[in-house]
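Participant: Got a sequence here, can you model it:
(2 chains)
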Amino acid sequence: MENLELQRLANEIRKGIIIGTHAAKSGHPGGSLSIADVCALLYFEEMNVAPEKANDPDRDRFVLSKGHAAPALYSTLALKGYFSMDELNNLRHLGAMLQGHPDMKLTPGVDMSTGSLGQGVSAAVGMALAGKMDKKDYRVYSILGDGEIQEGQVWEAAMYAGFKKLDNLCIMVDNNGLQIDGNIEDVCSPYPIDKKFEAFNFHVINADAHDFDSLRAALKEARETKGMPTAIILHSVKGKGVSFMENNAGWHGVAPNDEEFASAMEELKREGEALCQK
Amino acid sequence: MSEVKRIATRQGYGEALCDLGEQYPNLVVMDADLAASTKTGMFAKKYPERFFDAGIAEANMASMAAGLASTGKVVFISSFAMFATGRAYEQIRNSIGYPHLNVKIAASHGGITVGEDGATHQCIEDVALMRNIPGMVVCVPSDVIEAKAAVKAAIEYNGPVFLRLGRNAVPVINDRPDYTFELGKGTLLKEGEDVTIIASGIVVESAMTAAAMLKEKGINAEVINIHTIKPIDSDIIVRSARKTGKVVTVEEHSVIGGLGSAVCEVLSEQCPTPVKRLGVPDVFGTSASASVLMHEFKLDGEGVCEQILDWMK
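Facilitator: Prediction:
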């Protein structure tokens, strides 16, 4: 797919994130916006998935281990056609298909219920293990937060994936540098992230989370890496695409009010129009 | 009188997995470095391609099991009850329970009969922890025969199940031709009209022994085995309570949150009846042999009989 088309899709994903969190009056826009580009690339180019084969045993799997970025996943799934974009208006509302954190029983296209940090990546390892057991070719992708890797369970999972040489597993760390209490380096630094995963027998790749050439090359390298799982460190900007949300930990778990919603949507609309004129 | 056979419920678990491995090709078993103790090692030997040792990482094991189950496997995960339900509680709740995945938590070394290892390893809260998770079936087999039946029933049930297994060899009490097992159904073991003794797990045998001793004192006790604590068979409990008007519960577990609590929940709403809960009072266990501890906590036949007589005075 052309990068320009992916940029347009990512911009639409960002609009969905803003619409959803505004409608919910809560949620996590910052860490959702930072993964919008990689979600676009995964769902519209990289992964073997489609709404009509949502339960195909041979499909690729995606586990959003940083489950609080659910608005990015929901927006992507809606764009991909798993359900209507209108569902985003019901995000976090009573009886809604779109829960505050991903729910595999309620939402088509969601492969694992997540939200409690550290657990999704283990589930992804379990899926990859099943793939090897059943001699299937599917791949398993999982996105973790850079704060999330403070959870010990992540390293239990990493130890096992490295030990089992799960080369059908690609985990991505959304390294936007911020967590709820502030800068990850000030709260409890997980750095160096790359060396940690290397020590756990992962092939490690650094990528620019907002550059499709960089992301595409990283995912290709991951696919071609045999005998070990891959960890891609996504160097990202929290809040990317909405200028007043960028690099601000305050936008981790706060929804835009009406005024901020209008301003964010205006910025994304302008960006969308600019992309159409390219 | 012929000598009573004694076999641990964990042994029944291991044997059942081996027996059922062929019939259920999607059966997968995981352990956390305790395969020899939990008896999953038997399955590992017979079906190495379907066994995964997660190492000493119970949290990761539970969530990995969820991932495996999402692809259509029936996954049993085993460790000691303390670590399976304690260390990995939140993983069981969120990764397995919330999406109602087909993972069975088969935990051995439940209760004080862990013995000499002491309080850190004697889990007396596991039933309470698991019973609170929506959709979780909680089953505590009373002997090896029931353990085997429970494993098969757990495989056939689509969703999460907690099976509590014991370390020690205990008397085989269900070796009879008419024995049947159905998840959620209690078993009337002995009819009586003076008091109802409801027990689960290895202390069902204590309850039967106590009933025989009470008979000598002129008290005719009814004995019910509740192997499935959730969903609980409220019919059999209410029916018996109506008949006897007095209920005693016996469990190798804290009296808070386990069988005693579950029975009280049923009776307080459906048939208010005086209930005496026997089990581990609100204290931790301690190091000693299993038999010494069962005597100390008055959970052997003699102790149960004594506590019932005291209560009925």
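Participant: For chain B, which segments are assigned as strands?
Facilitator: Per DSSP state E, chain B carries strands over the ranges B:6-7, B:27-31, B:51-53, B:74-80, B:103-108, B:137-139, B:161-164, B:170-171, B:187-190, B:195-199, B:221-225, B:228-230, B:247-254, B:275-280.
Participant: which residues touch the fourth one?
Facilitator: When contacts are taken as Cβ atoms under 8 Å, 6 or more residues apart in numbering or on different chains, the neighbours of strand B:74-80 outside the stretch itself are B:13, B:17, B:24, B:26-32, B:34-35, B:37-38, B:40, B:58, B:61-62, B:65, B:68-69, B:84, B:88, B:102-109, B:114, B:121, B:123, B:154-155. (C-beta placed from N, C-alpha, C; glycine too.)
Participant: how many neighbours does A:Ser34 have?
Facilitator: 32 (other Cβ atoms under 10 Å in any protein chain shown).
Participant: Make sure it is actually in contact with A:Val242.
Facilitator: No. At 10.8 Å, A:Ser34 does not count as touching A:Val242 under the criterion of Cβ atoms under 8 Å.
Participant: filter the contacts of strand B:74-80 to the buried ones?
Facilitator: B:13, B:17, B:26-32, B:34-35, B:37-38, B:40, B:58, B:61-62, B:65, B:68-69, B:84, B:88, B:102-109, B:114, B:121, B:123, B:154-155 (16 or more other Cβ atoms under 10 Å in any protein chain shown).
Participant: Now cross-check the residues you listed against chain A and list the overlap.
Facilitator: B:28, B:62, B:65, B:68-69 (Cβ under 8 Å from any Cβ of the partner chain).
Participant: low-scoring stretches of the chain, by residue?
Facilitator: I'll assume chain A. Along chain A, no part satisfies pLDDT under 70.
Participant: oops, chain B please
Facilitator: Looking at chain B by pLDDT under 70, you get B:1-2.
Participant: B:Glu296 contacts B:Ala288, doesn't it?
Facilitator: Yes. Under the criterion of Cβ under 8 Å, B:Glu296 makes contact with B:Ala288 at 6.9 Å.
Participant: Quick one: the helices in chain B, in order.
Facilitator: For chain B, applying DSSP state H gives helices covering B:9-20, B:35-38, B:41-46, B:58-70, B:81, B:89-91, B:126-131, B:144-156, B:204-216, B:234-244, B:259-270, B:290-296, B:301-312.
Participant: how much does the last one deviate in direction from helix B:204-216?
Facilitator: Same thing as helix B:301-312. Between helix B:301-312 and helix B:204-216, the angle formed by their directions is 60 degrees, by axes from the mean of the first three to the mean of the last three Cα atoms, to 10 degrees.
Participant: for helix B:301-312, the distance to its chain's centre please.
Facilitator: Its chain's average C-alpha position is 22 Å from that of helix B:301-312, according to Cα atoms, centre = their mean, to the nearest Å.
Participant: and if you look at the first one?
Facilitator: The chain centroid and the centroid of helix B:9-20 are separated by 15 Å under Cα atoms, centre = their mean.
Participant: List the contacts of residue 128.
Facilitator: Answering for chain A, as no chain was given. So A:Ala128 contacts A:140, A:161, A:166, A:168-169, A:229, B:67 (Cβ under 8 Å, 6+ apart).
Participant: nope, chain B
Facilitator: B:Ala128 neighbours (Cβ under 8 Å, 6+ apart): B:253-254, B:256-258, B:261.
Participant: are any of the residues you listed buried, and which?
Facilitator: B:253-254, B:257-258, B:261.
Participant: What about chain A: which of these touch it?
Facilitator: Okay, of those, nothing touches chain A (Cβ under 8 Å from any Cβ).
Participant: Closest to A:Phe261 out of these?
Facilitator: B:Gly257 (46.1 Å; Cβ to Cβ).
Participant: Burial check on B:Thr286, number of neighbours?
Facilitator: Residues lying near B:Thr286 (other Cβ under 10 Å) number 14.
Participant: Let me know whether it touches B:Val292 as I believe.
Facilitator: No. Between B:Thr286 and B:Val292 there is no contact under Cβ under 8 Å: 9.8 Å.
Participant: mind checking how far B:Asn158 is from B:Val137?
Facilitator: Distance, B:Asn158 to B:Val137, using Cβ to Cβ, to the nearest Å: 11 Å.
Participant: So the two - more neighbours on which side?
Facilitator: More crowded of B:Asn158 and B:Val137, by other Cβ under 10 Å: B:Val137, with 23 against 10.
Participant: From A:Gly126, how far out is the more buried one?
Facilitator: From B:Val137 across to A:Gly126, the span is 21 Å (Cβ to Cβ).
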